[in-house]
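**Student:** need the 3D shape of this:
(chains A and B)
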Amino acid sequence: LAKTTQPISMDSYEGQEVNITCSHNNIATNDYITWYQQFPSQGPRFIIQGYKTKVTNEVASLFIPADRKSSTLSLPRVSLSDTAVYYCLVGYGQNFVFGPGTRLSVLP
Amino acid sequence: KAGVTQTPRYLIKTRGQQVTLSCSPISGHRSVSWYQQTPGQGLQFLFEYFSETQRNKGNFPGRFSGRQFSNSRSEMNVSTLELGDSALYLCASSPFGAGGVYEQYFGPGTRLTVT
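**Tutor:** This next block holds a predicted model:
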(Lines give C-alpha, C1' and ligand atoms only; values in the text may rest on other atoms or scores of the structure.)
Protein backbone atom coordinates (compact mmCIF):
# COMPACT_ATOMS: atom_id res chain seq x y z
CA LEU A 1 0.00 0.00 0.00
CA ALA A 2 1.44 3.32 -1.05
CA LYS A 3 2.30 5.63 1.81
CA THR A 4 3.70 9.11 2.17
CA THR A 5 5.47 10.02 5.38
CA GLN A 6 6.97 13.21 6.78
CA PRO A 7 7.99 14.46 10.25
CA ILE A 8 5.04 15.50 12.38
CA SER A 9 6.61 18.70 13.65
CA MET A 10 9.69 20.89 13.45
CA ASP A 11 10.90 23.97 15.27
CA SER A 12 13.13 26.65 13.85
CA TYR A 13 14.27 30.19 14.58
CA GLU A 14 13.76 33.21 12.42
CA GLY A 15 16.37 33.60 9.72
CA GLN A 16 17.32 29.92 9.61
CA GLU A 17 16.98 27.56 6.68
CA VAL A 18 14.43 24.77 7.17
CA ASN A 19 14.46 21.44 5.35
CA ILE A 20 11.42 19.16 5.45
CA THR A 21 11.70 15.70 3.93
CA CYS A 22 8.87 13.57 2.57
CA SER A 23 9.23 9.85 1.84
CA HIS A 24 7.04 8.40 -0.91
CA ASN A 25 7.37 4.77 -1.94
CA ASN A 26 5.82 3.38 -5.13
CA ILE A 27 5.70 6.77 -6.78
CA ALA A 28 4.51 6.36 -10.36
CA THR A 29 6.82 7.17 -13.23
CA ASN A 30 4.80 10.12 -14.46
CA ASP A 31 3.88 11.57 -11.08
CA TYR A 32 5.11 14.91 -9.81
CA ILE A 33 5.81 15.91 -6.21
CA THR A 34 4.06 18.99 -4.92
CA TRP A 35 4.34 20.84 -1.64
CA TYR A 36 1.61 22.90 -0.01
CA GLN A 37 1.40 25.26 2.93
CA GLN A 38 -1.70 25.49 5.08
CA PHE A 39 -2.68 28.04 7.68
CA PRO A 40 -5.55 27.45 10.13
CA SER A 41 -9.01 27.82 8.61
CA GLN A 42 -7.63 28.09 5.08
CA GLY A 43 -7.19 25.74 2.16
CA PRO A 44 -3.67 24.58 1.27
CA ARG A 45 -1.58 26.96 -0.82
CA PHE A 46 0.79 25.79 -3.55
CA ILE A 47 4.49 26.24 -2.79
CA ILE A 48 6.48 24.31 -5.35
CA GLN A 49 6.35 21.30 -7.67
CA GLY A 50 9.01 19.11 -9.20
CA TYR A 51 9.70 15.84 -10.98
CA LYS A 52 13.38 15.22 -10.37
CA THR A 53 16.66 16.93 -9.40
CA LYS A 54 16.20 20.48 -8.15
CA VAL A 55 13.56 23.12 -8.61
CA THR A 56 13.71 26.64 -7.21
CA ASN A 57 11.22 29.49 -7.13
CA GLU A 58 11.00 32.75 -5.25
CA VAL A 59 9.94 31.15 -1.98
CA ALA A 60 11.44 27.65 -1.81
CA SER A 61 13.61 24.95 -3.33
CA LEU A 62 12.73 21.33 -3.89
CA PHE A 63 15.34 18.58 -4.02
CA ILE A 64 14.45 15.19 -5.49
CA PRO A 65 17.06 12.40 -5.69
CA ALA A 66 17.41 10.18 -8.73
CA ASP A 67 15.33 7.34 -7.28
CA ARG A 68 12.51 9.80 -6.49
CA LYS A 69 11.58 7.92 -3.32
CA SER A 70 11.85 11.08 -1.28
CA SER A 71 11.84 14.84 -1.65
CA THR A 72 13.07 17.72 0.48
CA LEU A 73 11.44 21.11 0.71
CA SER A 74 13.89 23.84 1.62
CA LEU A 75 12.70 27.17 3.01
CA PRO A 76 15.48 29.76 3.17
CA ARG A 77 15.56 32.26 6.02
CA VAL A 78 12.17 31.52 7.58
CA SER A 79 10.14 34.18 9.33
CA LEU A 80 7.37 34.03 11.93
CA SER A 81 4.79 34.11 9.14
CA ASP A 82 6.09 30.77 7.84
CA THR A 83 4.59 29.05 10.88
CA ALA A 84 2.13 26.64 9.25
CA VAL A 85 1.57 23.03 8.31
CA TYR A 86 3.44 21.81 5.23
CA TYR A 87 2.18 18.92 3.13
CA CYS A 88 3.74 16.94 0.33
CA LEU A 89 1.39 15.51 -2.29
CA VAL A 90 2.24 12.72 -4.67
CA GLY A 91 0.03 11.14 -7.28
CA TYR A 92 -0.11 7.35 -7.05
CA GLY A 93 -1.79 6.29 -10.22
CA GLN A 94 -5.49 6.67 -9.52
CA ASN A 95 -5.02 8.00 -6.00
CA PHE A 96 -3.35 11.19 -4.82
CA VAL A 97 -1.76 10.81 -1.41
CA PHE A 98 -1.00 13.65 0.95
CA GLY A 99 1.62 13.25 3.61
CA PRO A 100 0.46 13.67 7.23
CA GLY A 101 1.78 17.20 7.27
CA THR A 102 4.68 18.78 9.13
CA ARG A 103 3.79 21.47 11.63
CA LEU A 104 6.55 24.06 11.43
CA SER A 105 6.88 26.47 14.31
CA VAL A 106 9.16 29.44 13.76
CA LEU A 107 10.37 31.03 16.96
CA PRO A 108 11.69 34.58 17.38
CA LYS B 1 -8.94 36.58 -11.25
CA ALA B 2 -11.36 35.19 -8.67
CA GLY B 3 -10.22 32.18 -6.67
CA VAL B 4 -11.93 28.89 -6.04
CA THR B 5 -15.23 29.36 -4.27
CA GLN B 6 -17.09 26.80 -2.23
CA THR B 7 -20.63 26.92 -0.93
CA PRO B 8 -21.83 26.67 1.67
CA ARG B 9 -18.95 27.44 4.01
CA TYR B 10 -20.57 25.77 7.00
CA LEU B 11 -23.19 23.06 7.20
CA ILE B 12 -24.81 21.05 9.97
CA LYS B 13 -26.63 17.85 9.09
CA THR B 14 -28.14 14.91 10.92
CA ARG B 15 -27.05 11.30 10.62
CA GLY B 16 -28.77 9.58 7.74
CA GLN B 17 -29.34 12.73 5.72
CA GLN B 18 -27.60 13.56 2.50
CA VAL B 19 -25.67 16.68 1.56
CA THR B 20 -24.49 18.41 -1.61
CA LEU B 21 -21.48 20.70 -1.67
CA SER B 22 -20.65 23.03 -4.51
CA CYS B 23 -17.38 24.24 -5.98
CA SER B 24 -16.71 26.88 -8.62
CA PRO B 25 -13.18 26.62 -10.03
CA ILE B 26 -10.99 29.45 -11.22
CA SER B 27 -12.11 30.63 -14.63
CA GLY B 28 -10.46 28.55 -17.35
CA HIS B 29 -9.57 25.64 -15.05
CA ARG B 30 -11.03 22.36 -16.26
CA SER B 31 -9.84 20.01 -13.54
CA VAL B 32 -11.55 19.91 -10.14
CA SER B 33 -10.51 17.70 -7.26
CA TRP B 34 -12.14 17.10 -3.90
CA TYR B 35 -10.43 16.31 -0.60
CA GLN B 36 -11.58 15.50 2.90
CA GLN B 37 -9.61 16.86 5.83
CA THR B 38 -10.01 15.58 9.39
CA PRO B 39 -7.73 15.85 12.43
CA GLY B 40 -7.34 12.08 12.58
CA GLN B 41 -6.88 11.16 8.91
CA GLY B 42 -5.43 14.37 7.54
CA LEU B 43 -6.00 15.30 3.91
CA GLN B 44 -7.48 12.51 1.85
CA PHE B 45 -8.20 12.55 -1.86
CA LEU B 46 -11.82 11.88 -2.84
CA PHE B 47 -11.98 12.24 -6.62
CA GLU B 48 -10.98 14.34 -9.57
CA TYR B 49 -13.04 15.50 -12.52
CA PHE B 50 -11.88 16.75 -15.86
CA SER B 51 -14.22 17.77 -18.68
CA GLU B 52 -17.22 16.31 -16.86
CA THR B 53 -15.56 12.90 -16.44
CA GLN B 54 -14.30 11.38 -13.23
CA ARG B 55 -10.69 10.64 -13.96
CA ASN B 56 -9.30 9.62 -10.58
CA LYS B 57 -10.89 8.30 -7.40
CA GLY B 58 -9.66 7.79 -3.85
CA ASN B 59 -10.54 5.07 -1.37
CA PHE B 60 -13.92 6.26 -0.17
CA PRO B 61 -17.21 4.36 -0.06
CA GLY B 62 -19.83 4.76 -2.74
CA ARG B 63 -21.80 7.13 -0.49
CA PHE B 64 -19.40 9.79 -1.73
CA SER B 65 -20.07 10.87 -5.27
CA GLY B 66 -19.51 13.85 -7.46
CA ARG B 67 -20.09 15.37 -10.81
CA GLN B 68 -18.83 18.17 -12.98
CA PHE B 69 -20.85 20.38 -15.25
CA SER B 70 -19.98 21.74 -18.67
CA ASN B 71 -18.88 25.05 -17.12
CA SER B 72 -16.41 23.09 -14.92
CA ARG B 73 -18.37 23.76 -11.74
CA SER B 74 -18.49 20.68 -9.56
CA GLU B 75 -20.65 19.22 -6.86
CA MET B 76 -20.02 16.43 -4.42
CA ASN B 77 -22.73 14.49 -2.66
CA VAL B 78 -22.60 12.42 0.47
CA SER B 79 -25.57 10.17 1.12
CA THR B 80 -26.61 8.51 4.37
CA LEU B 81 -24.37 10.72 6.47
CA GLU B 82 -22.40 9.23 9.33
CA LEU B 83 -20.82 10.97 12.29
CA GLY B 84 -17.42 10.20 10.84
CA ASP B 85 -18.20 12.29 7.78
CA SER B 86 -17.77 15.44 9.84
CA ALA B 87 -14.84 17.15 8.19
CA LEU B 88 -13.57 20.05 6.14
CA TYR B 89 -14.23 19.34 2.47
CA LEU B 90 -11.82 21.08 0.16
CA CYS B 91 -12.13 21.66 -3.52
CA ALA B 92 -9.15 22.41 -5.74
CA SER B 93 -8.97 23.44 -9.37
CA SER B 94 -6.14 23.20 -11.86
CA PRO B 95 -5.57 24.51 -15.37
CA PHE B 96 -3.76 21.40 -16.52
CA GLY B 97 -5.35 18.43 -18.18
CA ALA B 98 -2.52 15.90 -18.05
CA GLY B 99 -2.39 13.07 -15.52
CA GLY B 100 -0.18 13.02 -12.47
CA VAL B 101 0.14 15.80 -9.93
CA TYR B 102 0.00 19.42 -10.95
CA GLU B 103 -0.48 22.83 -9.37
CA GLN B 104 -3.82 22.98 -7.66
CA TYR B 105 -5.56 26.01 -6.21
CA PHE B 106 -7.66 25.29 -3.16
CA GLY B 107 -10.86 26.89 -1.99
CA PRO B 108 -11.52 27.77 1.66
CA GLY B 109 -13.49 24.57 2.20
CA THR B 110 -16.91 23.60 3.51
CA ARG B 111 -17.04 22.65 7.17
CA LEU B 112 -19.56 19.82 7.52
CA THR B 113 -20.76 18.78 10.96
CA VAL B 114 -22.88 15.66 11.29
CA THR B 115 -24.87 15.30 14.52
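
**Student:** how about the strands in chain B?
**Tutor:** Taking DSSP state E, the strands of chain B run over residues B:5-7, B:10-13, B:19-24, B:31-38, B:42-50, B:53-57, B:64-68, B:74-78, B:87-94, B:105-106, B:110-114.

**Student:** the ones you listed: which one's closest to A:P7?
**Tutor:** Using CB to CB as the measure, strand B:42-50 is the one of these that comes nearest A:P7, at 13.8 Å. Using the backbone N, CA and C atoms, a C-beta is placed for each residue, glycine as well.

**Student:** buried residues of the closest one, list them for me.
**Tutor:** Residues of strand B:42-50 classed as buried: B:G42, B:L43, B:Q44, B:F45, B:L46, B:F47, B:E48, B:Y49, B:F50 (neighbour count, 16 or more other CB atoms under 10 Å in any protein chain shown).

**Student:** okay, and the helix or strand of chain A with the least pLDDT?
**Tutor:** Taking all helices and strands of chain A together, the one with the lowest average confidence (mean pLDDT, DSSP states H and E) is strand A:95-98, at a mean of 79.

**Student:** before we move on, back to that, quick one: closest of the strands of chain B to chain A.
**Tutor:** Set against chain A and scored by CB to the nearest CB, those come closest in strand B:105-106, at 3.1 Å.

**Student:** what's the mean pLDDT across that closest one?
**Tutor:** The predicted model gives strand B:105-106 an average pLDDT of 92.

**Student:** count the neighbours of B:L88 for me.
**Tutor:** For B:L88, the number of neighbouring residues by other CB atoms under 10 Å in any protein chain shown comes to 17.

**Student:** retrieve the pLDDT associated with it.
**Tutor:** According to the predicted model, the pLDDT of B:L88 comes to 97.

**Student:** residues contacting it?
**Tutor:** By CB atoms under 8 Å, 6 or more residues apart in numbering or on different chains, the contact set of B:L88 is B:Q36, B:Q37, B:T38, B:G109, B:T110, B:R111, B:L112.
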